[in-house]
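Participant: how would this look folded up:
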Amino acid sequence: MNEHYTALIAQINDWDHAYYVLDNPVISDADYDQAFKKLLDIETQYPDLISPDSPSQRVGAKPIDDYVKIKHSVRMLSLSNAFNLEETFAFFEKAAKDLELNPADLDIFSEPKLDGLAITLHYDNGLLTYAATRGDGQIGEDVTHTIKTIKSIPLKLNTPTPPKELEVRGEAFMPKAAFIKTNRLALENDSRVFVNPRNAAAGTIRQMNPKVATERDLQFIPYGIGAYEGDQQFTKHSEILAHLQQLGFRKNPESFAFKGDFAAFTDNYQHMENLRLELPMEIDGIVYKVDDLDLQNRLGFIARSPKWAVARKFPAQNDVTQLLAVDFQVGRTGVLTPVARLTPVFVGGATVSNATLHNMDEIKRLDLYIGDDVEIQRAGDVIPKVVKVVTAGSQRDPIVMPEHCPVCQAPVERTEGQAAYRCTGGLTCAAQASERIKHYASRKFMNINNLGTKLVDVLYSTGALKNIADIYSLTADDIATLEGQGDKSAQNVLDSIEASKSTTLGTFVGALGIHEVGEEGAKTIAKYFKNLPAIQAASVEDLQQVPDIGPVMAQNVAHFFSDEKNQAIIEALIAAGVTWPDEPETPATEQPLAGETWVLTGTLAQLTRSEAKAILERLGAKVAGSVSKKTHCVVAGSEAGSKLTQAETLGIKILNEDEFLALVKQET
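Facilitator: Numbering: from 1, shown residues only. So this is what the prediction gives:
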């Protein structure tokens, strides 16, 4: 028994690490819950066995070392789980017995269990000062920089008489519509597709760039408070939630109180299960709490959770079906993604016939063959996921990556050290062409602002656009004859196209859509090599000498410019009149900040953020969006937030705007 118990602890801790720290769940919720229940059963039967490293003795996962740590003034606990009505009712029967009451005498407060990330918000005199994850319940991670982007979180409490101190505990989550949009954009850009809304919310909050969080419609709903110092007196949990709503927070929909008899629990659960798919956010259960705060205090806690609240979990949205075939789809950057074709099965409120397999490494990890019976997990995903093989098929056919692109027949290659296989058709592959044209014409790159995405789709369907070079061959007739267009619209498009011919080398390189080469990477490469022929002739080794260009990006750039079809497209663009000046030679003496990383934060009074960034780049510095141990200096304007706090914690040099301008004057 001891060996089995130790192995179970190790397994669950590994799963917790993957789920909470890496944001990469490797097991279904149903399987995890079953394993955790086995652990609790063992510890109940053999309490002397309980180990300090058992998952039952902790609340969450360890904070990531790279984040600034915040110690919670009041511990953040998690909840015990119940998996059926009998277990739920038994939980409150025991609570009532401890209180010497009948279950029907208890007022129970019911809240949908939001599937997101537990967050605490700390307010001092009504102003939000910091936000943190739950972490291990004692110490969390400072995520103020991303939490402040959530519009449903008030930066200032909506009251003229705020409490001196208030900690609001709640769930940050991604609504269903935002999740669908986020994953759709990820698919279009061949970037990471999130497993579920909880994973998407956690990944958004716990990354360092708040711009990413701003683009995703995260929401926050409170479920209670931690530390509190104020004049308001509360006798019920429901009063706390009502007060938080008055302070400017959202109300959890379908939250209400009822008397704790078995029939009431049955009716409540049935109501919430029927309503589940209609809610705008994912919920994975119902949280039941004793509403009376005095009774809560009398019941108290066990090591892991309160004795006055329990989470009634919904059954997992999984089912089993057969893998019939695997197709390969080609994305904008040429990545081939395997997609499972399945015997249709109704799961998670929809009929599923396709599921993502991500890449060949995932297929190998699953030991997956055509003909196998597989477990499918939906849980609101845009593309359902194959979780595991349930039963090996009687006839198992291997899944093989095609040697040639299924669209353009160009060879398929895998770059060493990467999971992805890519079509080598580049700019001429039809599967990639439409999205590459949109990328090229986008505001960030060639800025052909009258050639929008819808117009590109129509022109591509008519054959007027086949690749990015065709943009410069468009005629007025190609556009004016289309529905909703006319002579004036056509001329506006042609004027935008003509204006785009005058550009910069960095913008042009970025517009080509080389995998993993974004706006800043393209500028860095252009600045280093000075002209296009030098970039085209650069080897992987040459490219790796460029600051901040790693081996993967170097391989992608070298491979792109060595392809004859891509070279032909580039020649056609230049022949059409696309031009730029060579990058100027910059003497080292004029770059006193070369090799340094700087961060700008807060509002500058005498400069715009773009102007300050341009000055730093001219002096040779790299301007980053977040503070780390590698940061050399932070320029802090007014209302500087978490970046300033992080810099102070890490002991990084900080300049105000006047000090920054004085330094610039001295260096120039």
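Participant: Contacts only, for the residue nearest to residue 35 when sequence neighbours are not counted.
Facilitator: The shortest distance from residue 35 to any non-neighbouring residue, by Cβ to Cβ, 6 or more residues apart in numbering, is to residue 12 (5.8 Å). For glycine as for every other residue, the C-beta is placed from the backbone atoms N, C-alpha and C. The neighbourhood of residue 12, defined by Cβ atoms under 8 Å, 6 or more residues apart in numbering, consists of 32, 35-36, 39, 55.
Participant: Could you pick out the buried ones from those residues?
Facilitator: 32, 36, 39, 55 (16 or more other Cβ atoms under 10 Å).
Participant: For the residues you listed, could you give me a markdown table that also reports distance to residue 444?
Facilitator: As requested, the buried ones among the contacts of residue 12 are exported to a markdown table (distance: Cβ to Cβ, whole Å):
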| residue | distance to residue 444 |
| --- | --- |
| 32 | 41 |
| 36 | 46 |
| 39 | 50 |
| 55 | 45 |
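Participant: which sections of the stretch 101-250 of the chain are below the confidence cut-off?
Facilitator: 190, 195 (pLDDT under 70).
Participant: quick one, helices of it?
Facilitator: Applying DSSP state H, counting those that start in this stretch to the stretch 101-250 of the chain gives helices spanning 144-147, 176-188, 197-205, 210-214, 237-246.
Participant: pull the CA atoms of the first one into PDB?
Facilitator: It refers to helix 144-147. Presented in PDB, the C-alpha positions along helix 144-147 are these (Å, rounded to 0.1, in the frame of the first residue of the first chain):
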ATOM      1  CA  THR A 144      -1.000  43.000 -12.000                       C
ATOM      2  CA  HIS A 145       0.300  43.900 -15.500                       C
ATOM      3  CA  THR A 146      -2.200  41.600 -17.300                       C
ATOM      4  CA  ILE A 147      -5.100  41.700 -14.700                       C
END
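Participant: mind checking how far that helix is from the chain centre?
Facilitator: Offset of helix 144-147 from its chain centre (Cα atoms, centre = their mean, to the nearest Å): 14 Å.
Participant: longest helix anywhere in the protein?
Facilitator: Longest helix in the chain, counting residues (DSSP state H): helix 29-45.
Participant: elements contacting that one?
Facilitator: helix 2-16, strand 80-82 (3 or more Cβ pairs under 8 Å, 6 or more residues apart in numbering; DSSP states H and E).
Participant: Redo the ones you listed as TSV? Include distance to residue 411 and mean pLDDT.
Facilitator: Below are those laid out as TSV (distance: least, Cβ to Cβ, whole Å; pLDDT from 0 to 100):
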stretch	distance to residue 411	mean pLDDT
helix 2-16	39	80
strand 80-82	51	89
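Participant: Report the separation between the residue nearest to residue 577 when sequence neighbours are not counted and residue 568.
Facilitator: Leaving aside its chain neighbours, residue 577 sits nearest to residue 501 (4.6 Å; criterion: Cβ to Cβ, 6+ apart). From residue 501 over to residue 568 the distance is 19 Å, taken as Cβ to Cβ, to the nearest Å.
Participant: Equivalent analysis for residue 553, please.
Facilitator: From residue 553 to residue 568 the distance is 23 Å (Cβ to Cβ).
Participant: higher neighbour count, those two?
Facilitator: residue 553 (22 against 15; other Cβ atoms under 10 Å).
Participant: Tell me the spacing between the nearest residue to that one once chain neighbours are set aside and residue 447.
Facilitator: Leaving aside its sequence neighbours, residue 553 sits nearest to residue 516 (Cβ to Cβ, 6+ apart; 5.2 Å). Distance, residue 516 to residue 447, using Cβ to Cβ: 22 Å.
Participant: would you list every one of the helices in the stretch 401-550 of the chain?
Facilitator: Going by DSSP H, counting those that start in this stretch, the stretch 401-550 of the chain shows helices at 430-441, 453-462, 476-480, 487-500, 505-511, 519-529, 532-537, 540-543.
Participant: TSV please, covering those helices and showing mean neighbour count.
Facilitator: Converted to TSV, these look like this (neighbours: other Cβ atoms under 10 Å):
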stretch	mean neighbour count
helix 430-441	22
helix 453-462	16
helix 476-480	17
helix 487-500	16
helix 505-511	23
helix 519-529	20
helix 532-537	16
helix 540-543	16
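Participant: mind putting the ones you listed in CSV, mean pLDDT and distance to residue 320 included?
Facilitator: Converted to CSV, the helices of the stretch 401-550 of the chain look like this (pLDDT from 0 to 100; distance: least, Cβ to Cβ, whole Å):
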stretch, mean pLDDT, distance to residue 320
helix 430-441, 88, 32
helix 453-462, 90, 38
helix 476-480, 93, 51
helix 487-500, 94, 52
helix 505-511, 94, 46
helix 519-529, 88, 44
helix 532-537, 93, 52
helix 540-543, 90, 46
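Participant: Of all these, which one comes closest to residue 624?
Facilitator: helix 519-529 (9.8 Å; Cβ to Cβ).
Participant: could I get the closest one in CSV with only the CA atoms?
Facilitator: Provided in CSV are the C-alpha atoms of helix 519-529 (Å, rounded to 0.1, in the frame of the first residue of the first chain):
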residue,chain,number,x,y,z
GLU,A,519,8.2,43.3,-37.1
GLU,A,520,11.1,43.7,-34.6
GLY,A,521,13.0,40.6,-35.9
ALA,A,522,12.8,41.9,-39.5
LYS,A,523,14.1,45.3,-38.4
THR,A,524,17.0,43.8,-36.5
ILE,A,525,18.0,41.7,-39.5
ALA,A,526,17.8,44.7,-41.9
LYS,A,527,19.8,46.9,-39.5
TYR,A,528,22.5,44.2,-39.2
PHE,A,529,22.9,43.3,-42.9
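Participant: Other residues contacting it?
Facilitator: Under Cβ under 8 Å, 6+ apart, the answer for helix 519-529 is 444-445, 504-507, 509-510, 514, 517, 535, 538, 543, 545-549, 553, 557, 583.
Participant: one more time with 6 Å, if that's ok
Facilitator: Residues outside helix 519-529 that contact it (Cβ atoms under 6 Å, 6 or more residues apart in numbering): 444, 505-506, 509-510, 535, 546, 548, 583.
Participant: and which of these is nearest to residue 654?
Facilitator: For these, the nearest to residue 654 is residue 548 (23.4 Å; Cβ to Cβ).
Participant: returning to that earlier point: which helix or strand lies directly C-terminal to the longest helix of the chain?
Facilitator: strand 69-71 (DSSP states H and E).
Participant: Going by neighbour count, which residues in that following strand are buried?
Facilitator: residue 70.
Participant: Ok, stretch 118-135 next?
Facilitator: Neighbour-count burial for stretch 118-135 [16+ other Cβ under 10 Å]: 118-123, 126, 128, 130-135.
Participant: ok, which pair from the residues you listed is furthest apart?
Facilitator: 126 and 135 (25.5 Å).
Participant: As CSV, could you dump the C-alpha coordinates of stretch 614-621?
Facilitator: Taking C-alpha atoms only, stretch 614-621 is exported to CSV below (Å, rounded to 0.1, in the frame of the first residue of the first chain):
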residue,chain,number,x,y,z
ALA,A,614,13.0,55.5,-31.4
ILE,A,615,15.6,57.5,-29.4
LEU,A,616,16.7,54.4,-27.5
GLU,A,617,16.9,52.2,-30.6
ARG,A,618,19.0,55.0,-32.3
LEU,A,619,21.4,54.8,-29.4
GLY,A,620,21.6,51.0,-29.9
ALA,A,621,19.3,49.8,-27.1
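Participant: Would you mark the buried spots in it?
Facilitator: 615-617, 619-621.
Participant: Strands - which of the buried residues of stretch 118-135 land there?
Facilitator: 118-123, 128, 130-133 (DSSP state E).
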